Structure formats: C-alpha cells, structure tokens
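1. compute the structure for the input listed below.
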Amino acid sequence: MAESLVIVEYVDEINPATFAVYSTTGEQQQKALKEAQEGFKTLEEALTGKKFFGGETIGFVDIATGWLPRWVRVIEEIVGVSIVNENNLPLINAWFDDFMELELVKGSLPSKDKLYAFNKARREKLLA
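-> Presented below is the predicted three-dimensional model:
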C-alpha cells in the first residue's frame, strides 16, 4: 500500500507540468512538455511487467489516477501536441488505452466532447 500512495502522490507532481502544457505556448510550453514527459517516465516504471498498476486487474492506483487518460488526451487534442504516445511512453500509453476500454470506466467518466468544449474555452481564457 505504501508504494501505491507514493505513486498517487507522484501524480500530484506531474500535474503542474501537464497543466502548463495546456495553459502556455511557445518555449514555455515546450519546457513544460519535457517536464511532463519526464514525470510520466518515472510513473511508467511502476507499470513494468504489468497491464495495470494493480497487476492484471485494476487496483487502487489505477482508480486514483484514472482521470489522467481522459484529461491528457483532451489536452493533447486541444493543444496539438503529444504528451504520451507509443514511442515515448509505451507502457503509459498502453495503460491509457487499457484503462479507458474498461466498461466500468466508460460509464463513469464525463464525455470527451463535454470535457473538450469546456477545456478549449478555458484554455482560450487562460491565454487571453
């Protein structure tokens, strides 16, 4: 359980860089992108040899960090950059896909369209 809490706390450290990718442009955004990707690399180590953070089935860490796949994918689409992909972070990318395919998750997360519309408008306000 202690390892799980460390992983969840680490996500709190990734969040500011990921938000900066969303809320900045130019050099500042590129710096934030590198920071976010480095953060995800550390998180990816926890997935080595496993489908989910909990092993072959979802567990506490998967649920606690399960907002990341939807939010990161929306950010990537809005901003037009790739934070997580199969080339730079293959285990996180696979986890994003596997987690989002779970029926439990599909029925629990807000719709992508609503998140996209809200976050696109929010980004425009932040950049104004």
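
2. quick one: the helices in the protein, in order.
-> Counting by DSSP state H, one finds helices in the chain at the ranges 2-23, 26-45, 60-64, 67-79, 90-101, 103-106, 112-127.

3. which residues of the chain score low on pLDDT?
-> Residue ranges of the chain with pLDDT under 70: 1-9.

4. pull the number of nearby residues for residue 72.
-> 21 (other CB atoms under 10 Å). C-beta here means a position set from N, CA and C on the backbone, and glycine is covered the same way.

5. go on, residue 37?
-> So residue 37, with other CB under 10 Å, has 21 neighbours.

6. could I get the helices of the chain as CSV with distance to residue 54?
-> Below are the helices of the chain laid out as CSV (distance: least, CB to CB, whole Å):
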stretch, distance to residue 54
helix 2-23, 8
helix 26-45, 14
helix 60-64, 6
helix 67-79, 15
helix 90-101, 11
helix 103-106, 13
helix 112-127, 25
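
7. buried stuff in stretch 115-128?
-> 115, 119, 123 (16 or more other CB atoms under 10 Å).

8. before we move on, what about stretch 100-117?
-> 105, 109, 115.

9. how about stretch 42-62?
-> 43, 44, 46, 47, 51, 52, 53, 58, 61, 62.

10. identify the farthest-apart pair in the residues you listed.
-> 44 and 58 (17.0 Å; CB to CB).

11. where's residue 91 relative to residue 28, distance?
-> Distance from residue 91 to residue 28, counting by CB to CB, to the nearest Å: 28 Å.
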